[in-house]
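*Asks:* Okay, predicted coordinates and the sequence, questions at the end:
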Amino acid sequence: MNDNTVKSNPIRDSANKLKLSIFGVNGTGASFTHHPDRFSGDWDAIARLAKRADQLGIEGFVSASRWRAFGGDGHYSGDFMETFTWAGAIAAITERISIISTLPISLLNPAFVAKAEATVDIISNGRAGMNLVCGWFPPEFDLFGVEMQEHNDRYGYADEWMEVFDRLWSADSSFDLKNAHFDVKNALSQPRPLQSRPVLLNAGGSPRGRQFAAQHAEVAFTIPDDPDPRAVKARVAEYREEARQKFGKEIQIWLSAYVVQKDTTAEAEAYAQDYIVTQGDDIAVADLIEANIPNAKTMPPEKMAEMSYEFKAGYGGYPLVGSASDIAHRMSELSEAGVDGLMLVWLDYENGLEKFASEVLPRLEEAGLRAPATPV
């Protein structure tokens, strides 16, 4: 491949102080609700959203990995496209946005992933990236016929998976590699990718997960226990220091966030109450929490209710709820706390992005957090 065709990968290279991406855009979004405004997830809507985000200079377009639905057969939470196929399609209709395929390391072989991601890298001219998850939902392991390992063992497997993937991505000639989990012989991945390495994201929150993110990823997501910017600042500093001390590297620290933007704070709070509480999908979220949290059934009811609210709102993201001024102010505070980027979701992605673009982005530009987008 000709390196002259490689474009900038904006999650890695953007000069914006506060980078932005959009999550859950290969399906029905990140909210668990029966509200009629929930994103449809059909291809035409996804394509329009991708093109608009590209025009606005949003840095990333991030898929969700979903192989089995929460809440039972046929539930909308299972209606997510396979992430590499989706990424190739998005690459073909966009010009500069980074395209992130989320994948369960425990379920996909690194030889397949290296070839699939290289394909996206070529189609996008070097804008490919991956969001690495170890997998945690038992029905997905059952679907693949794979035994689900204990938490720390899944990360041990992921470390060795990465050893094979990195070698497949970089090697120009065949090689053999053996570790505790893999024994590959005469291995080579073709066609060759454009980037020296795809942009890698990870949201490991446990001590072992944080170590994995610090070692392998360029972007680590943190989930603060307290939304106060001072608490966020302390958590961001912990993540940065771990990467520096253990692996001698700098990493970006991002948050995921759900946006509820209305003309007034009261209107935004009322809308959030309606879609999260009044019309929230409690059954699906209970299924998700029970599978994801080992001690869920013994948690205090108030803690369970808080967690359920956060998942219904936007997959446990940070709340950006209020007027444009409220949201821009809170985003500025997060930037001051050291947050490098935000991965955003809306209930209604298309209308939400338009309102955000017209009212919040100009405020972020005035604050010096982002530069106006150049035409594509």
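*Replies:* Yes, it's here. Residues are numbered from 1 along each chain as shown.

*Asks:* Distance check, the residue lying farthest from the centre of the chain against residue 104.
*Replies:* For the chain, the residue at maximal distance from the C-alpha centroid (C-alpha atoms, centre = their mean) is residue 186, at 33.5 Å. Computed with C-beta to C-beta, to the nearest Å, the distance linking residue 186 and residue 104 is 27 Å. Just so you know, the C-beta spots here come from the backbone N, C-alpha and C atoms, and that holds for glycine as well.

*Asks:* neighbours of residue 144, just the number please.
*Replies:* 15 (other C-beta atoms under 10 Å).

*Asks:* ok, it to residue 100 distance?
*Replies:* With distances defined as C-beta to C-beta, the gap from residue 144 to residue 100 amounts to 22 Å.

*Asks:* for the stretch 201-350 of the chain, what spans make up the helices?
*Replies:* 207-216, 229-247, 265-272, 282-292, 301-314, 324-336, 349-359 (DSSP state H, counting those that start in this stretch).

*Asks:* Please save the CA atoms from the third one in PDB.
*Replies:* Pointing back at helix 265-272 there. As requested, C-alpha coordinates have been extracted for helix 265-272 and formatted as PDB (Å, rounded to 0.1, in the frame of the first residue of the first chain):
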ATOM      1  CA  THR A 265     -32.800  23.100  32.300                       C
ATOM      2  CA  ALA A 266     -36.300  22.300  33.500                       C
ATOM      3  CA  GLU A 267     -37.400  21.100  30.100                       C
ATOM      4  CA  ALA A 268     -34.300  18.900  29.800                       C
ATOM      5  CA  GLU A 269     -34.900  17.400  33.300                       C
ATOM      6  CA  ALA A 270     -38.500  16.700  32.500                       C
ATOM      7  CA  TYR A 271     -37.600  15.000  29.200                       C
ATOM      8  CA  ALA A 272     -35.000  12.900  30.900                       C
END
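
*Asks:* re earlier: what's near enough to touch the residue nearest to the residue farthest from the centre of the chain when sequence neighbours are not counted?
*Replies:* Computed as C-beta to C-beta, 6 or more residues apart in numbering, the closest residue to residue 186 that is not its neighbour in sequence is residue 174, at 4.9 Å. Contacts of residue 174 were listed using C-beta atoms under 8 Å, 6 or more residues apart in numbering, and they are 186, 187, 188.

*Asks:* for residue 375, same thing?
*Replies:* Residue 375 sits next to residue 55 when contact means C-beta under 8 Å, 6+ apart.

*Asks:* Could you check how far the closest residue in space to residue 284 that isn't next to it in sequence is from residue 241?
*Replies:* Counting by C-beta to C-beta, 6+ apart, residue 284 lies nearest to residue 71, which is 3.3 Å off, once chain neighbours are set aside. When distances are taken as C-beta to C-beta, residue 71 and residue 241 turn out to be 39 Å apart.

*Asks:* Likewise for residue 343?
*Replies:* Summarising the geometry, the distance separating residue 343 from residue 241, computed by C-beta to C-beta, is 22 Å.

*Asks:* Neighbour count for the two, which is higher?
*Replies:* In terms of neighbours (other C-beta under 10 Å), residue 343 is the more surrounded of residue 343 and residue 241; the figures are 27 against 11.

*Asks:* The more buried one touches residue 64, doesn't it?
*Replies:* No: proximity of residue 343 to residue 64 does not meet the contact threshold set by C-beta atoms under 8 Å, at 10.8 Å.

*Asks:* so which strand or helix has residue 100?
*Replies:* Using DSSP states H and E, residue 100 maps to strand 98-104.

*Asks:* helices and strands around the helix or strand following that strand, which ones?
*Replies:* On the C-terminal side of strand 98-104, the nearest following helix or strand under DSSP H and E is helix 110-123. Helix 110-123 makes packing contacts with helix 83-93, strand 98-104, strand 128-133, helix 151-170 when contacts are defined by 3 or more C-beta pairs under 8 Å, 6 or more residues apart in numbering; DSSP states H and E.

*Asks:* Can I get these in CSV including distance to residue 76?
*Replies:* Output for those, formatted as CSV (distance: least, C-beta to C-beta, whole Å):
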stretch, distance to residue 76
helix 83-93, 17
strand 98-104, 18
strand 128-133, 20
helix 151-170, 27
